[in-house]
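S.K.: Here is my input; please provide its structure:
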Amino acid sequence: MSTMNISLPDSLKEYVDEQVGERGYGTSSEYVRELIRKDQDRKRLRTMILQGATSGLADPADADYFESLRARVRTSRK
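M.R.: Residues are numbered from 1 along each chain as shown. Okay, here's the model as predicted:
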């Protein structure tokens, strides 16, 4: 694992320390890694949404559509 050092103003350092304590992270590094992962997820989701928005019209997602998905899941579990 690589190491990265960052400088923070005192107010941000205090905030990070509070979050580590309140949210149960072991270290500030764990907290920062989680923030980075969430940002990556947000960017992936945004990309997927934009791709979907530009892909054209699709069949409606009605009750039959969702039932067919449930059936596929039930079949794949067997």
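S.K.: After the helix or strand harbouring Arg42, which helix or strand is next?
M.R.: Taking DSSP states H and E as the definition, one finds Arg42 inside helix 28-54. Helices and strands here follow DSSP H and E; after helix 28-54, the next one along the chain is helix 63-76.
S.K.: which residues are in contact with that next one?
M.R.: Residues from elsewhere that reach helix 63-76 (C-beta atoms under 8 Å, 6 or more residues apart in numbering): Asp59. Just so you know, the C-beta spots here come from the backbone N, C-alpha and C atoms, and that holds for glycine as well.
S.K.: ok, 10 Å please
M.R.: With C-beta atoms under 10 Å, 6 or more residues apart in numbering as the test, helix 63-76 has contacts from 58-59, 61.
S.K.: List the buried residues for that helix?
M.R.: Counting neighbours by 16 or more other C-beta atoms under 10 Å, one finds that helix 63-76 has no buried residues.
S.K.: Quick check: pLDDT value at the nearest residue to Arg23 once chain neighbours are set aside.
M.R.: Counting by C-beta to C-beta, 6 or more residues apart in numbering, Arg23 lies nearest to Tyr31, which is 7.2 Å off, once chain neighbours are set aside. Per-residue pLDDT puts Tyr31 at 98.
S.K.: dump the residue contacts of Tyr31.
M.R.: For Tyr31, the contacting residues are 16-17, 19-21, 23-25, by C-beta under 10 Å, 6+ apart.
S.K.: and those residues, which of them are in strands?
M.R.: Among the contacts of Tyr31, DSSP state E puts none in strands.
S.K.: could these go into a markdown table alongside neighbour count, pLDDT and distance to Lys43?
M.R.: Shown next, in a markdown table, are these (neighbours: other C-beta atoms under 10 Å; pLDDT from 0 to 100; distance: C-beta to C-beta, whole Å):
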| residue | neighbour count | pLDDT | distance to Lys43 |
| --- | --- | --- | --- |
| Val16 | 17 | 98 | 22 |
| Asp17 | 12 | 97 | 27 |
| Gln19 | 16 | 98 | 22 |
| Val20 | 17 | 98 | 24 |
| Gly21 | 10 | 97 | 28 |
| Arg23 | 10 | 97 | 22 |
| Gly24 | 9 | 96 | 26 |
| Tyr25 | 16 | 97 | 22 |
